[in-house]
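In: okay, sequence plus prediction incoming.
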Amino acid sequence: MSTETLVPYDEALARYEPVLGIETHIELGTNSKMFCGCPTVFGAPPNTQVCPVCLGLPGALPVTNRAAIEGIIKIGLALNCSIVEWCRFARKNYFYPDMPKNFQISQYDEPLCVEGHLDVEVDGQSYRVEIERVHMEEDTGKSLHVGGTTGRIHGADHSLVDYNRAGIPLVEIVTKPIPATGDKAPLVARAYATELRELVRALGVSDVRMEEGSMRCDVNVSLMPIGSATWGTRSETKNVNSLRSVERSVRHEIERQAAVLDAGERVVQETRHFQEDTGTTTSGRSKEEAQDYRYFPEPDLVPMSPSRDWVEELRASLPELPAARRGRVRGEWGVTEKELQDIVNAGALDLIEETVQAGAEAAAARKWWMNELSRRATAQGVELTALPVTPADVVRVSRLVAEGTINDKLARQVLDGVLAGEGTPDEVVERRGLKVVSDEGELATIIDEVIAGNPDVAEKIRSGKVAAAGALVGAVMKATRGQADAGRARELIINKLTG
Amino acid sequence: MSAITRDEVVHLARLSRLALREDELDHLATQLDDIISAVARVQEVAAENIPPTSHALPLTNVLRADQVRPGLTPEQALSGAPAAEEQRFKVPRILDEEA
């Protein structure tokens, strides 16, 4: 495709109303696959987690994994869905080597969970995203395309397929069309994906890592002229693999489709592919008709009929869900919605909560995780949880500060030491000699030296310009490598020169 | 009544990745038509009080515990493949994009 024209975002939104729809695939973190006992470890060497069932060898029969069914029911319940009393798996037939059976076991017109919702918040406004269905299926294998020119079928081209992923339990969550989000559409899409990820993570049924593909979003966007009641034709952008890309892909589709409509043309209903590097989408194949998949009830699996007792047992086992937890934590910690959002985005919510539960003040726990450790994690390009520092370490650091053993500046050095593997906070304090200089005699000697070395400044203070003391305090802190109590040093300097 | 058209056979053949000759298309259209007519006779006895049957067994919820079981080695898995490379199944590239 040639370069496409775009309409500037604000201009597009002045004329058109976007309608969103999001389909999310989530791989469940079960030990074994959906229909066989193969392990599900991410990144295992190719074709080491396969068996006759997931390779589709003749005569092999699937048996459903109980933990996967429990996982999807929990997701359905957390999304306020009804769990149906009876449903079946269906065969989705298609000819592509990522499924060696030439079909995928999925669900078609009888999903396990229906009619739910998830509330998300953008800029202080709440949006209710209605959930159409949540259904169970199996993931496909991974193809590696080798040689040739992209987008062309060429004699020399071939694909190499690894079936480790084929048959991993996959949950698909489909929203109803999301109207009336206006210029917030990209943010609402992102907020939904974020909230869904948090929710599923809280349930403990998936690691929901978008970068590893255990959560993948397909984003549908259509535009209609403002005031119209008829929805436009949608495009579906596949495999959008980060929260940021969810937002960018919606934005781009609005700009692109507005240009198509402005030119008096029709939006083509098609699959598009998001390009991470440019933030644009490119045309993929035209979407096939559902009838081309020739769905029919899976004859190798019996129907599912989750008893009401089982469903209620699972409902009772749900943990505190993110929205409820955020409300509680906001009250307990006294933080604003924005501050809490920053904490969640930094992946610090669990860590701060554990730190507070282990005895630290909420403000201190927040300060160390958000201001110091989060910055270091970002600089190193790792998740906050991957830093070699524990909530217990942070509790100890904040206690050392509260006791006056160290100040904030030294505390940063203590954290550096812990991160560098120099031991516990106490060991780092000991080994690096980081205690605050509280020996008044020693401090007085250093102050005398500093005054002697800065006669001009000392004279200013003597003549009443107390503000000049800052320069001398700085010199004292430098001389003590930050180990003096700055407030006490200032007092001593002023007393000495004006007392 | 129902008649499978030649075009529908072409479409089905494409979905199934079957290369059919011209004469086979007409032949199969007739055959498919016969099959559908035969199966359609079920509709003559289907009534409101007879639910559609997809499974002969009166069972639901046949589930297994989430336990890992030994599978095949990569060598065994690839032993029946016409071609393999880098411990993966080697297949002709048939579409531009992931399904």
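Out: Great, that's in hand.

In: now do the phi/psi pair for the closest residue to chain A within chain B.
Out: At 2.8 Å from chain A, B:Arg69 is the closest residue in chain B, using Cβ to the nearest Cβ. (Glycine included, C-beta is placed from N, CA and C.) Phi and psi for B:Arg69, reported as degrees, to the nearest 10, are phi -130, psi 150.

In: any idea how far B:Asp66 is from the nearest residue to it once chain neighbours are set aside?
Out: Closest residue to B:Arg69 apart from its sequence neighbours, by Cβ to Cβ, 6 or more residues apart in numbering or on different chains: A:Gly37 at 2.8 Å. A:Gly37 sits 9 Å away from B:Asp66, taking Cβ to Cβ, to the nearest Å as the criterion.

In: share the number of residues neighbouring the residue nearest to B:Arg69, please.
Out: A:Gly37 has 20 neighbouring residues, counting by other Cβ atoms under 10 Å in any protein chain shown.

In: near chain A, which residues of chain B?
Out: Counting by Cβ under 8 Å from any Cβ of the partner chain, chain B comes close to chain A at B:15-17, B:54-55, B:57, B:59-74, B:77-78, B:80, B:85-99.

In: follow-up on the earlier one: the residue of chain B closest to chain A touches A:Ser32, doesn't it?
Out: Yes: contact criterion Cβ atoms under 8 Å: B:Arg69 and A:Ser32 qualify, at 7.1 Å.

In: ok, these two, which is more surrounded?
Out: Between B:Arg69 and A:Ser32, counted using other Cβ under 10 Å, the more crowded position is A:Ser32 (24 against 12).

In: that one and A:Pro169 touch, don't they?
Out: No: using Cβ under 8 Å, A:Ser32 makes no contact with A:Pro169, being 9.1 Å away.

In: show me the strands in chain B, by range?
Out: Counting by DSSP state E, one finds strands in chain B at the ranges B:63-64, B:84-85, B:88-92.

In: turn these into JSON lines, columns for mean pLDDT, mean neighbour count and distance to A:Ile75.
Out: Below are those laid out as JSON lines (pLDDT from 0 to 100; neighbours: other Cβ atoms under 10 Å in any protein chain shown; distance: least, Cβ to Cβ, whole Å):
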{"stretch": "strand B:63-64", "mean pLDDT": "97", "mean neighbour count": "16", "distance to A:Ile75": "17"}
{"stretch": "strand B:84-85", "mean pLDDT": "94", "mean neighbour count": "16", "distance to A:Ile75": "37"}
{"stretch": "strand B:88-92", "mean pLDDT": "91", "mean neighbour count": "19", "distance to A:Ile75": "32"}
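
In: pLDDT weak spots in chain A?
Out: A:1-3, A:148-156, A:285-290, A:437-438 (pLDDT under 70).

In: in it, what residue comes closest to chain B?
Out: Here chain A gets closest to chain B at one residue, A:Gly37, 2.8 Å apart by Cβ to the nearest Cβ.

In: OK, contacts around that residue?
Out: Neighbouring residues of A:Gly37 by Cβ atoms under 8 Å, 6 or more residues apart in numbering or on different chains: A:Cys51, B:Arg64, B:Gln67, B:Val68, B:Arg69, B:Pro70, B:Gly71.

In: top of these by number of neighbours, please.
Out: Within the contacts of A:Gly37, most neighbours by other Cβ under 10 Å means B:Gly71, with 22 neighbours.

In: need the nearest residue in space to it, chain neighbours excluded.
Out: In space, and not counting its chain neighbours, B:Gly71 is closest to A:Cys51: 3.3 Å by Cβ to Cβ, 6+ apart.

In: anything in contact with each of A:Ser32 and A:Pro169?
Out: By Cβ under 8 Å, 6+ apart, A:Ser32 and A:Pro169 have these common neighbours: A:Asn65.

In: overlap in contacts, B:Arg69 and A:Ser32.
Out: Shared contacts of B:Arg69 and A:Ser32 (Cβ under 8 Å, 6+ apart): A:Cys38.

In: mind listing what the residue minimising distance to the centre of chain B touches?
Out: Centroid-nearest residue in chain B, with Cα atoms, centre = their mean: B:Ser16, separated by 8.0 Å. By Cβ under 8 Å, 6+ apart, the contact set of B:Ser16 is A:Phe95.

In: now the longest strand seen in chain A, how far from the centre of its chain.
Out: The residue-count maximum for a strand in chain A (DSSP E) belongs to strand A:125-138. Here strand A:125-138 is found 18 Å from its chain centre; the criterion is Cα atoms, centre = their mean, to the nearest Å.

In: and stretch A:353-365, by the same measure?
Out: Relative to its chain's centre, stretch A:353-365 lies at 23 Å (Cα atoms, centre = their mean).

In: cool, and stretch A:203-213?
Out: 9 Å.

In: follow-up on the earlier one: which SS class is the residue nearest to B:Arg69?
Out: A:Gly37 carries the three-state label coil when classified by DSSP: H, G, I helix; E, B strand; the rest coil.

In: next one: A:Glu247
Out: helix.

In: who's in contact with it?
Out: A:Glu247 neighbours (Cβ under 8 Å, 6+ apart): A:Pro186, A:Leu187, A:Ala189, A:Arg190.

In: can I get these in TSV including neighbour count, distance to A:Pro297 and secondary structure?
Out: What follows is these, written out as TSV (neighbours: other Cβ atoms under 10 Å in any protein chain shown; distance: Cβ to Cβ, whole Å; DSSP: H, G, I helix; E, B strand; the rest coil):
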residue	neighbour count	distance to A:Pro297	secondary structure
A:Pro186	24	39	helix
A:Leu187	20	41	helix
A:Ala189	32	34	helix
A:Arg190	25	37	helix
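
In: let's have those in a markdown table, adding distance to chain B.
Out: What follows is those, written out as a markdown table (distance: Cβ to the nearest Cβ, whole Å):
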| residue | distance to chain B |
| --- | --- |
| A:Pro186 | 24 |
| A:Leu187 | 28 |
| A:Ala189 | 22 |
| A:Arg190 | 23 |
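
In: of those, which pair is most distant in space?
Out: Greatest spatial distance among those (Cβ to Cβ): A:Leu187 and A:Ala189, at 7.3 Å.

In: what's the single longest helix in chain B?
Out: Longest helix in chain B by number of residues (criterion: DSSP state H): helix B:22-40.

In: what sits up against it?
Out: The contact list for helix B:22-40 (Cβ under 8 Å, 6+ apart) reads B:Ser2, B:Ala3, B:Ile4, B:Thr5, B:Arg6, B:Glu8, B:Val9, B:Val10, B:Ala13, B:Leu20.

In: lowest-confidence one in those?
Out: Lowest pLDDT of the contacts of helix B:22-40: B:Ser2, 51.

In: which residue ranges of the stretch 101-250 of chain A form strands?
Out: For the stretch 101-250 of chain A, the strands defined by DSSP state E, counting those that start in this stretch cover A:103-106, A:113-122, A:125-138, A:142-146, A:158-162, A:169-175, A:215-225, A:235-240.

In: in JSON lines: those, plus mean neighbour count and distance to chain B.
Out: Formatted as JSON lines, the strands of the stretch 101-250 of chain A follow (neighbours: other Cβ atoms under 10 Å in any protein chain shown; distance: least, Cβ to the nearest Cβ, whole Å):
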{"stretch": "strand A:103-106", "mean neighbour count": "20", "distance to chain B": "9"}
{"stretch": "strand A:113-122", "mean neighbour count": "19", "distance to chain B": "16"}
{"stretch": "strand A:125-138", "mean neighbour count": "19", "distance to chain B": "12"}
{"stretch": "strand A:142-146", "mean neighbour count": "17", "distance to chain B": "6"}
{"stretch": "strand A:158-162", "mean neighbour count": "22", "distance to chain B": "4"}
{"stretch": "strand A:169-175", "mean neighbour count": "23", "distance to chain B": "9"}
{"stretch": "strand A:215-225", "mean neighbour count": "22", "distance to chain B": "11"}
{"stretch": "strand A:235-240", "mean neighbour count": "22", "distance to chain B": "7"}
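
In: skipping adjacent residues, who's closest to A:Pro45 in space?
Out: Among residues not flanking A:Pro45 along the chain, B:Gln87 sits closest, at 6.6 Å (Cβ to Cβ, 6+ apart).
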